[in-house]
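Q: When you get a sec, could you give me coordinates for this:
(2 chains)
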Protein chains: 2
Amino acid sequence: MKFELTILGNTSPFPSKGRLPTSQILNINERLYLIDCGEGTQIRMNELGIKRMKIDHIFISHLHGDHYYGLFGLLGSYRVSRRTQPLHIHCPEGLKELIEFEAKISYAGEFMFPLHFHTTNAKKAEKILDNKDLEVSTIPLRHGEIPTTGFLFREKTGERKMIKSKIKEYNIPFQKIPAIKKGGFFKLPNGKVIKNTELTLAPPPAKTYAFCSDTAYFTGLIPFIKNVDLLYHEATFNAEDGVDAGKKGHSSTLEAAKIAKKGKVKKLIIGHFSTRYRDLEALADESRTIFENTEVAEEKKTFVIA
Amino acid sequence: MKFELTILGNTSPFPSKGRLPTSQILNINERLYLIDCGEGTQIRMNELGIKRMKIDHIFISHLHGDHYYGLFGLLGSYRVSRRTQPLHIHCPEGLKELIEFEAKISYAGEFMFPLHFHTTNAKKAEKILDNKDLEVSTIPLRHGEIPTTGFLFREKTGERKMIKSKIKEYNIPFQKIPAIKKGGFFKLPNGKVIKNTELTLAPPPAKTYAFCSDTAYFTGLIPFIKNVDLLYHEATFNAEDGVDAGKKGHSSTLEAAKIAKKGKVKKLIIGHFSTRYRDLEALADESRTIFENTEVAEEKKTFVIA
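A: As a prediction, the model looks like this:
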């Protein structure tokens, strides 16, 4: 199943020349999940040819503007392009009222599509989405006083895989195969039971992506991101500037790498860089001194989780 | 005095590939006046190297999102870059409350600079700004039920210009010159009065710019834009699609040109084009069949009023 992350923006706290605030698209099985929606999100989507109508779920980590100001325009576009399918926004309290107030003063009336707001709880991790392709849970973050959550995306493991030679060997009828793929046994005409493990192979392990922005360094985060395939962790500051990043509710390159190492993740991508930094590879180099498999969450780049 | 208009966005109703919604910068004597602030305004300003700190006044025609969604990010940038000088926003009722609500849910607290909202009245023209360089008045527009105004910018005429040869001829002391430039006479030692018109030349006529977006065609607009140097008039639709543009609160290329012609303006620029149109010159060609001196309000282009 396709599981690809495209970075739309990696910058903070405002757009700088050619760079945009936080926004990411997770493509799972050709449905798009939008993670944060900083200013210019749909402009960048236009640039990359990403179809906004493929998005049904939007996840907003917190209500600092560099993580959601692009939402106004995106919703406006859905309105004028006559979207009809439901849209779900998972976000902290307050955004629903803001969007409703904005709609009121625009004289635009009701949205013509069902728009569902789901309030996140920054105090504890909760499962907030469960569909055929994936489960999404919140990750409580520490970003000063403003309620902030990360999001953990876990692919649904597919069905077990039939071993083709066994179909012939036991003369298994076609109609029995779906149940076996779901874990069932097969009974031979003579009554003998063939266990599922003899008939099928385990599906590939579920792919996982953890999005952590914005947050101070804290080891309480580790259980939530343990062993994930891909961890996005903010690294607003380099090692020198970020000595007291935590006081500002942010992390340094070294702190992001420490979390990745302690969490034994497969790969770390860092982002949410202060506009002061131009050489982003130098930031990743700092992280690599602690966690080798680090990359810059480079804008417009797609990370494929295979 | 410099009087230059730069188009940041000319598109409606949402950003399309490489194009942005309505936003313009009027540079008068090196102070910048922002007219509408569609999504991506500060991103385009970054691209063009326009300094946001040179803006003290923002004019919002109406509260459809394609005319102000860029304001959230711009104000956010002022906040984080620690602006201290006052900012004035001239806009319809409702925007102040929206911005205040947004600030509240962001936990950002008060703006550290004085932020003044001035409510426009879409029912009648009013002078809304008068400083050393210019006067600005609203222009009531007809854009469906939503309160909408255009803006008329009129340069303050400069002082009269001293005829240098007269300074020598009448031996005019240096200290007397400012008063003469303001229109005063000069008395010779023998008591003879030299009239101002003999000593000075009239200043060049005041430059004027009228911004009209969005509006249906209506001839009641003409008195407000009469004889201006530059008229921006929306032309959302081409002639064929815009037969009933007025019903949608918009104008066609031909209607914009009719207003320009009847108003005897010097130059017309058209914009607010529907995203469906790619060949914008073809739209200007339609207008030129009625009003020859028409140009596309091309994005990133600067129109100099000499």
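Q: Outside of stretch A:119-129 itself, list whatever touches it.
A: With contact meaning CB atoms under 8 Å, 6 or more residues apart in numbering or on different chains, stretch A:119-129 is reached by A:57, A:62, A:88, A:90-93, A:96, A:118, A:135-141, A:147-149, A:151-152, A:224. All C-beta atoms are positioned from the backbone trio N, CA, C, and that covers glycine.
Q: mind listing the helices for the stretch 1-150 of chain A?
A: If DSSP state H, counting those that start in this stretch is used as the criterion, the helices of the stretch 1-150 of chain A fall at A:41-48, A:70-80, A:95-105.
Q: Get me the contact residues on the stretch 101-250 of chain A for chain B.
A: For the stretch 101-250 of chain A, the contact set with chain B under CB under 8 Å from any CB of the partner chain comprises A:101-102, A:104-108, A:144-146.
Q: Try it again at 10 Å.
A: Proximity of the stretch 101-250 of chain A to chain B, by CB under 10 Å from any CB of the partner chain, involves residues A:101-108, A:143-147.
Q: and which of those is nearest chain B?
A: residue A:105 (3.5 Å; CB to the nearest CB).
Q: per-residue pLDDT, the residue nearest to that closest one when sequence neighbours are not counted?
A: Once flanking residues are discounted, residue A:105 sits nearest to residue B:94: 3.5 Å by CB to CB, 6 or more residues apart in numbering or on different chains. You'll see residue B:94 listed with a pLDDT of 97.
Q: Quickly note the distance from residue B:94 to residue A:104.
A: Shown here: residue B:94 relative to residue A:104, a distance of 8 Å by CB to CB, to the nearest Å.
Q: Which one of those two is surrounded by more residues?
A: Per other CB atoms under 10 Å in any protein chain shown, whichever of residue B:94 and residue A:104 has more neighbours is residue B:94, with 17 against 13.
Q: ok, that one touching residue B:147?
A: Yes - with contacts counted by CB atoms under 10 Å, residue B:94 reaches residue B:147, the gap being 9.1 Å.
Q: Next up, the contacts around residue A:173.
A: A:167, A:186 (CB atoms under 10 Å, 6 or more residues apart in numbering or on different chains).
Q: Find the nearest non-adjacent residue to whichever residue of the stretch 201-306 of chain A sits closest to chain B, please.
A: Chain B sits closest to residue A:275 of the stretch 201-306 of chain A, with a gap of 9.6 Å, by CB to the nearest CB. Excluding the flanking residues, the one nearest residue A:275 by CB to CB, 6+ apart is residue A:16, at 4.1 Å.
Q: Let me know the pLDDT of the residue of chain A most remote from its centre.
A: Most distant from the centre of chain A: residue A:190, at 50.2 Å, with distances by CA atoms, centre = their mean. You'll see residue A:190 listed with a pLDDT of 94.
Q: That one and residue A:137, how far apart?
A: Residue A:190 is 47 Å from residue A:137, by CB to CB.
Q: what does residue A:174 give?
A: For residue A:174 relative to residue A:137 (CB to CB), the value is 38 Å.
Q: Could you measure from the residue of the stretch 201-306 of chain A closest to chain B over to residue A:92?
A: Taking CB to CB, one finds residue A:275 at 25 Å from residue A:92.
Q: Next: residue A:191.
A: 59 Å.
Q: out of these two, which sits in the more crowded spot?
A: Taking other CB under 10 Å, residue A:191 and residue A:92 do not tie; residue A:92 has more neighbours (20 against 6).
Q: My guess is the more buried one contacts residue A:59. True?
A: No - using CB under 10 Å as the test, residue A:92 is too far from residue A:59 to be in contact (11.0 Å).
Q: pLDDT value on residue A:17, please?
A: 88.
Q: Verify the contact between it and residue A:275 for me.
A: Yes - the criterion here is CB under 10 Å, and residue A:17 meets it with residue A:275 at 8.9 Å.
Q: any shared contact partners between these two?
A: A:11, B:46.
Q: Those two - which one has more neighbours?
A: residue A:275 (18 against 13).
Q: Now do the contacts for that one.
A: A:11-17, A:19, A:21, B:46, B:77, B:80-81.
Q: How about residue A:92?
A: By CB under 10 Å, 6+ apart, the neighbours of residue A:92 are A:60-63, A:68, A:119-122, A:146-149, B:105.
Q: quick check, nearest of those residues to residue B:42?
A: residue A:68 (15.8 Å; CB to CB).
Q: Number of residues surrounding that closest one?
A: Residue A:68: 32 neighbours (other CB under 10 Å).
Q: Same question for residue A:201.
A: 10.
Q: Surely residue A:256 is in a helix?
A: Yes - counting by DSSP: H, G, I helix; E, B strand; the rest coil, residue A:256 is found in a helix.
Q: Surely it touches residue A:273?
A: No - checked against CB under 10 Å, the pair residue A:256 and residue A:273 is beyond contact range at 11.0 Å.
Q: who has more neighbours, these two?
A: residue A:256 (34 against 23).
Q: and the helices of the stretch 1-150 of chain A as CSV, adding distance to residue A:217?
A: Shown next, in CSV, are these (distance: least, CB to CB, whole Å):
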stretch, distance to residue A:217
helix A:41-48, 27
helix A:70-80, 27
helix A:95-105, 27
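Q: Just name the most buried of these.
A: Stretch with highest mean neighbour count among the helices of the stretch 1-150 of chain A: helix A:70-80 (a mean of 24; mean count of other CB atoms under 10 Å in any protein chain shown).
Q: Could you see whether chain B lies near that helix?
A: Yes - counting by CB under 10 Å from any CB, chain B has neighbours in helix A:70-80: A:70-80.
Q: Columns pLDDT on top of the residues you listed, output as JSON lines?
A: Output for these, formatted as JSON lines (pLDDT from 0 to 100):
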{"residue": "A:70", "pLDDT": "97"}
{"residue": "A:71", "pLDDT": "98"}
{"residue": "A:72", "pLDDT": "97"}
{"residue": "A:73", "pLDDT": "97"}
{"residue": "A:74", "pLDDT": "97"}
{"residue": "A:75", "pLDDT": "97"}
{"residue": "A:76", "pLDDT": "95"}
{"residue": "A:77", "pLDDT": "95"}
{"residue": "A:78", "pLDDT": "96"}
{"residue": "A:79", "pLDDT": "93"}
{"residue": "A:80", "pLDDT": "91"}
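Q: just to revisit the earlier point, just the buried subset of the contacts of residue A:92, written out for PyMOL, thanks.
A: Applying 16 or more other CB atoms under 10 Å in any protein chain shown to these leaves a buried subset, and the PyMOL line that selects it is:
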select buried, (chain A and resi 60+61+62+63+68+120+122+146+147+148+149) or (chain B and resi 105)
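Q: and the contacts of residue A:92 as a markdown table, adding pLDDT?
A: Listed next are the contacts of residue A:92 as a markdown table, based on pLDDT from 0 to 100:
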| residue | pLDDT |
| --- | --- |
| A:60 | 98 |
| A:61 | 98 |
| A:62 | 98 |
| A:63 | 97 |
| A:68 | 98 |
| A:119 | 98 |
| A:120 | 98 |
| A:121 | 97 |
| A:122 | 96 |
| A:146 | 96 |
| A:147 | 97 |
| A:148 | 98 |
| A:149 | 98 |
| B:105 | 94 |
